[in-house]
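S.K.: build the 3D model from these lines:
(2 chains)
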Amino acid sequence: MKRLLVLAALLLTAPALAQEEQSTAPYAYRQLDDPAQETKAQDLMESLRCLQCQGQSIADSDAPIAGSMRSLVRERIASGEEPEAIRAWLIERYGDYVSYAPQLTTLTWPLFAVPAVLVLIAFLLLRRRFTRTPTENGQ
Amino acid sequence: MTDTSARAPRWAIWLPLALFLGFVALVLIGLYRPADRNVASALVGKAMPEFDLPAALPGRPGLDSKVLANGKPHLVNVFASWCVPCRVEAPQLGELAKAGVPIEGISVRDTTENLHAFLEENGDPFQRIGADDDGKVQLALGSSGVPETYVVNGRGKIVYQHIGEIRPEHLGLLLEKLKEAGQ
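M.R.: Okay, here's the model as predicted:
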């Protein structure tokens, strides 16, 4: 009897779910069956920007376009495409902005160079300081 | 130990204040002239991606990207019945259609009933409407929202992208881009 009730309840929820998924992409809110592939997809989705709510990744966002992007990512991963190829496909269409993974370009290279330069300057300054101390002690 | 502060130049005392003022100036610039948050398609100047969308309404043709390369410039309008600015631009699209501009629609994540009601209410300027139910073609176009309008030349190349609703003041620019695309 209890099992029958559960079954009846499940049947009632099905139309509601179907309605929600009607106009959206198939894998917007559905995970891939293969856990390894889903992990791969999830990692990529967390590093792609939602174009509607730009502070969020497509994994976090409930915007309809983020749903479409999640579905695109999952379907392509399921068909064996590499995550970086999918990222490149999106960058080709939306520019670097769509990806949270920083790209090394003619515009962004100072971001990578400045920390190295600062470490170098710090090293030079400290070396002067460390080499001076003994001579002062000797005076 | 050596006393470094004694050797610091006198102007150095103003350095923190100068840094602070510089920071305030930066914040004010950001407040009064915020950056453009629209994500433009990187495909402007490139060929329209290939797609073949099924008909969004029974009895009307769907949208195959091949028709865009038929020698005449087209407008491709990405829209949806659930999008409020799409209602705002409907009169302008109607005007463009009346002026003889072929307008092709891509209906994003929509249902037949809603789309039908939307066109009934706001007019139907479209020659063909393709149903992009999962939003794949929208992503292929590099479109980041609805509405967006692309000017495509007769060889199927995207020459211009208009982001957001077309307001009356945008009509001149769009017609000019269409004219350029037709040359």
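S.K.: which one is the residue most central in space within chain A nearest to, not counting chain neighbours?
M.R.: The centroid of chain A falls nearest to A:Ser47 when counting by CA atoms, centre = their mean (1.3 Å). Take A:Ser47 and drop its neighbours on the chain: the residue closest to it by CB to CB, 6 or more residues apart in numbering or on different chains is A:Tyr100, 4.6 Å away. Every C-beta, even on glycine, is put in place using the N, C-alpha and C of the backbone.
S.K.: okay, now that neighbour: neighbour count?
M.R.: When neighbours are counted by other CB atoms under 10 Å in any protein chain shown, A:Tyr100 registers 11.
S.K.: against B:Gln161, how distant is the residue nearest to the centre of chain A?
M.R.: Between A:Ser47 and B:Gln161 the distance is 25 Å, computed by CB to CB, to the nearest Å.
S.K.: also A:Tyr94?
M.R.: For A:Tyr94 relative to B:Gln161 (CB to CB), the value is 12 Å.
S.K.: same check on B:Arg10?
M.R.: In terms of CB to CB, B:Arg10 sits 55 Å off from B:Gln161.
S.K.: for the two, work out which one has more neighbours and name it.
M.R.: B:Gln161 (22 against 6).
S.K.: quick one: low-confidence parts of chain A?
M.R.: Residue ranges of chain A with pLDDT under 70: A:1-23, A:132-139.
S.K.: surely the residue nearest to A:Ser47 meets A:Arg49?
M.R.: Yes: the pair A:Tyr100 and A:Arg49 passes the contact test of CB atoms under 8 Å, sitting 6.0 Å apart.
S.K.: overlap in contacts, the two.
M.R.: A:Ser57 (CB atoms under 8 Å, 6 or more residues apart in numbering or on different chains).
S.K.: now look at whichever strand or helix holds B:Gly22 and say if it contacts chain A.
M.R.: For B:Gly22, the host element (DSSP states H and E) is helix B:15-32. No: legend: contact between helix B:15-32 and chain A by CB under 8 Å from any CB of the partner chain is lacking; minimum distance shown is 15.2 Å.
S.K.: quick one: buried residues of that helix?
M.R.: Buried residues in helix B:15-32, counted by 16 or more other CB atoms under 10 Å in any protein chain shown: none are found.
S.K.: following the chain onward from that helix, which element is next?
M.R.: Once the chain leaves helix B:15-32, the next helix or strand it forms, by DSSP H and E, is strand B:52-53.
S.K.: what residues does chain A put near chain B?
M.R.: Residues of chain A found near chain B, taking CB under 8 Å from any CB as the criterion, are A:22-26, A:51-52, A:54, A:64-65, A:67-69, A:71-72, A:90-95, A:97-98, A:136.
S.K.: which of the residues you listed are buried? Put it as a ChimeraX command.
M.R.: Buried subset of the residues of chain A next to chain B, written as a ChimeraX selection, criterion 16+ other CB under 10 Å:
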select /A:23,24,25,51,52,64,65,67,68,69,71,72,90,91,93,94,98
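S.K.: and the nearest residue to B:Gly164 once chain neighbours are set aside, which of the three is it?
M.R.: Spatially, and ignoring its direct neighbours in sequence, B:Gly164 is nearest to B:Pro85 (6.4 Å; CB to CB, 6+ apart). What DSSP: H, G, I helix; E, B strand; the rest coil gives for B:Pro85 is helix.
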